Each structure stands twice: as C-alpha cells, then as structure tokens.
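Q: Return a 3D structure for these sequence lines:
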Amino acid sequence: MIVLAAAVALLGSLFFALGAALQQFEAARAGESRLRFLLRRPRWLLGGVSVLTGGALHIVALSLGPLTVVQPMGVASLLFALPIAAALHGRRPARAELVAASVVAAGLIGLVLLVPAPTGAPTLTGPGGAAMLAGAALAALTCFAVARRAAPALGTALLAVGAGVMYGATATITRVLVDRVVVHGSGWDPWLLAALPLPALAALMLLQRAYATPSRDPEAGGYFPVAFATLQVTDPLTAVTFGVLLLGEPLPVNTLAAVAAAVLAGAGTVALARTTPLSRAAAPS
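A: Numbering: from 1, shown residues only. Alright, predicted model coming up:
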C-alpha cells in the first residue's frame, strides 16, 4: 500500500503541475489576470480541473499511506512544472533552473519530514479564525502593495507569497472542517464553511496576477518558475505556522533542522529567480 500511495501522490503532483502550467500559460499569453476574463478561456479552465484532480489524488494517497511518504511526493510538482511550462512556451528549461528547483525541493522535503503528525483533533475558535483571516489578509495586501512598485521578478515572488499565505489559511480551515465531518462526524461548521471561499478566492486572484506578470523576453512567457516555487515554499510554511499558533499542533522536534530546511528552500527560490532566463532578460546589460 505504501508503494501505491507514493505512486498516487506522484501522479497527483503531475496533475497539479500541469494545471498550474496551463493556467500560467493562459494568463501570461493574454497578459490578463482578472478571473472574469480567464474563466472564458478553455485552457485555463482545463488547468483548474487538473489542479483539482491533483488535489483529489493527494487526498486519496493520504488514505493509502503515511504522511511521511505522501508529502515528499507532493514536492515533485515543482520539478514537473518547470519542463511542462517551458514546453508550453516553446523553450527548454535551463540547467540552472532545474538545479535551483531541486534545491527548493530538497528543502521542502526536509521540512515536511520534520513536521510531526498532529496528535489531537484540531479546533478553531471564532476569534482565532477571525484573527487568522485578518492577519493573512494584511500580509497579502502588503505583498500586493509592495509588488506593484517592485521589479518584475521580485513583484512576482511577492504576489506568490501573498497567495501562499492565503492558501495556508485555506488549508487550515479545510483541515478543521475535514476533521469535524470525516473523522469525528460532528457536522459542518457554518461559519467555517462561509469563511472558506474568501482566502481561497483571494489566493487564486493573487496567483493569477503573478502568473500574468510580463517580462522583456516574450518567448520566455512570464515568471512562472519564480511564482510556483515561491508558492510551494510559502503555502506549507504558513499552514504549519497557523497549525502551531491556532490548532495546538506541535512544533518540529528538531527546530534548528526545520529552520535550516526552510532556509534551503528559500535560498533555492532566490537562486531560481536569479537563474531563470526571464530575470536575465530583464537585467540591464
């Protein structure tokens, strides 16, 4: 069953990477990030279906095997996404891009393996949930405001950070809802259900804006490697932070190693931003 869980998780990563690459391709080609425009583009919708399929396969994998096997397989989406996105834009990924992405993946794998499994039922109070959403919204708005005045690569990363924070809040609410309904059968929480679409929609809008950021090299097709890698780092870090602060989940036993893994992932993201051909195209000669 462990081998099957790993295979299903890997397939889910492939679907997630394909969906992200398709959505970025459409947003970058059109230079448009507004959802009312993107929702009319079939390829963007197909990307959304692919992302949802990847998420569903990840849940199936978790039902088949332990978290320590499934989560590292999810990190592979970054390594799948880069060549898929490059192929869509008619180029080959640079070796430096793949090396930097591998560094990000190594840091993320280390991080997810060091985060201990939850020991109890997660509970989220009304004030705690409101504080989480307010804090996430403030962080996302700050990233959005700074990104508007930043260089394209940095602005893309900041938008992806904002999206990752909002997705982290979405994951926290989802985790509480799933535990209540599936594990304990205690029924839906109306206020959690009402709140769930807010951070998810905000994250989607910020991410599409990051995908649509133009570059000086039209053949490169945007800053997808920077956006996707930053999202992959920010989302789990935010979810872990909210889990510790609000859900009573334990900190990693080896905090120093967890910090080192997070720093490694962050350093790989910075290297990815510096090595992508988009950054070189935008740099002064």
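
Q: can you count the residues close to the closest residue to residue 250 other than its chain neighbours?
A: Distances taken as CB to CB, 6 or more residues apart in numbering place residue 116 nearest to residue 250, at 4.9 Å, with adjacent residues excluded. The way it works is simple: take the backbone N, C-alpha and C, and place the C-beta from them, glycine included. When neighbours are defined as other CB atoms under 10 Å, residue 116 has 11 of them.

Q: Test my guess that residue 116 contacts residue 258.
A: No: taking contacts as CB atoms under 8 Å, residue 116 lies outside contact range of residue 258: 10.1 Å.

Q: Would you mind checking which helix or strand in the protein has the lowest mean pLDDT?
A: Lowest mean confidence among the helices and strands of the chain (mean pLDDT, DSSP states H and E): helix 277-282, at a mean of 43.

Q: if we can go back for a sec, can you tell me which residues contact the residue nearest to residue 250?
A: With contact set as CB atoms under 8 Å, 6 or more residues apart in numbering, residue 116 has these partners: 249, 250, 251, 252, 253.

Q: Now tabulate these in TSV and tack on secondary structure, distance to residue 91 and pLDDT.
A: Converted to TSV, these look like this (DSSP: H, G, I helix; E, B strand; the rest coil; distance: CB to CB, whole Å; pLDDT from 0 to 100):
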residue	secondary structure	distance to residue 91	pLDDT
249	coil	42	77
250	coil	44	78
251	coil	42	77
252	coil	39	76
253	coil	43	75
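
Q: From those residues, keep the buried residues only.
A: For the contacts of residue 116, a burial check counting by 16 or more other CB atoms under 10 Å picks out 249, 252.

Q: which among the contacts of residue 116 gets closest to residue 226?
A: residue 252 (26.9 Å; CB to CB).

Q: I figured that closest one hits residue 110, correct?
A: No: using CB under 8 Å, residue 252 makes no contact with residue 110, being 10.1 Å away.

Q: re earlier: in CSV: the contacts of residue 116, plus distance to residue 32.
A: Output for these, formatted as CSV (distance: CB to CB, whole Å):
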residue, distance to residue 32
249, 39
250, 43
251, 42
252, 41
253, 46
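
Q: What segments of the stretch 1-150 of the chain are helices?
A: 2-30, 35-38, 42-64, 67-74, 76-88, 95-114, 126-147 (DSSP state H, counting those that start in this stretch).

Q: Quickly, which of those bottoms out on average pLDDT?
A: When the helices of the stretch 1-150 of the chain are ranked by mean pLDDT, helix 67-74 comes last with a mean of 68.

Q: Can I get the helices of the stretch 1-150 of the chain in JSON lines including mean neighbour count and distance to residue 229?
A: Output for these, formatted as JSON lines (neighbours: other CB atoms under 10 Å; distance: least, CB to CB, whole Å):
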{"stretch": "helix 2-30", "mean neighbour count": "21", "distance to residue 229": "11"}
{"stretch": "helix 35-38", "mean neighbour count": "14", "distance to residue 229": "22"}
{"stretch": "helix 42-64", "mean neighbour count": "17", "distance to residue 229": "16"}
{"stretch": "helix 67-74", "mean neighbour count": "20", "distance to residue 229": "14"}
{"stretch": "helix 76-88", "mean neighbour count": "21", "distance to residue 229": "6"}
{"stretch": "helix 95-114", "mean neighbour count": "20", "distance to residue 229": "5"}
{"stretch": "helix 126-147", "mean neighbour count": "17", "distance to residue 229": "16"}
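
Q: Save those as TSV, and put in distance to residue 202 too.
A: Formatted as TSV, the helices of the stretch 1-150 of the chain follow (distance: least, CB to CB, whole Å):
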stretch	distance to residue 202
helix 2-30	16
helix 35-38	11
helix 42-64	16
helix 67-74	22
helix 76-88	22
helix 95-114	23
helix 126-147	6
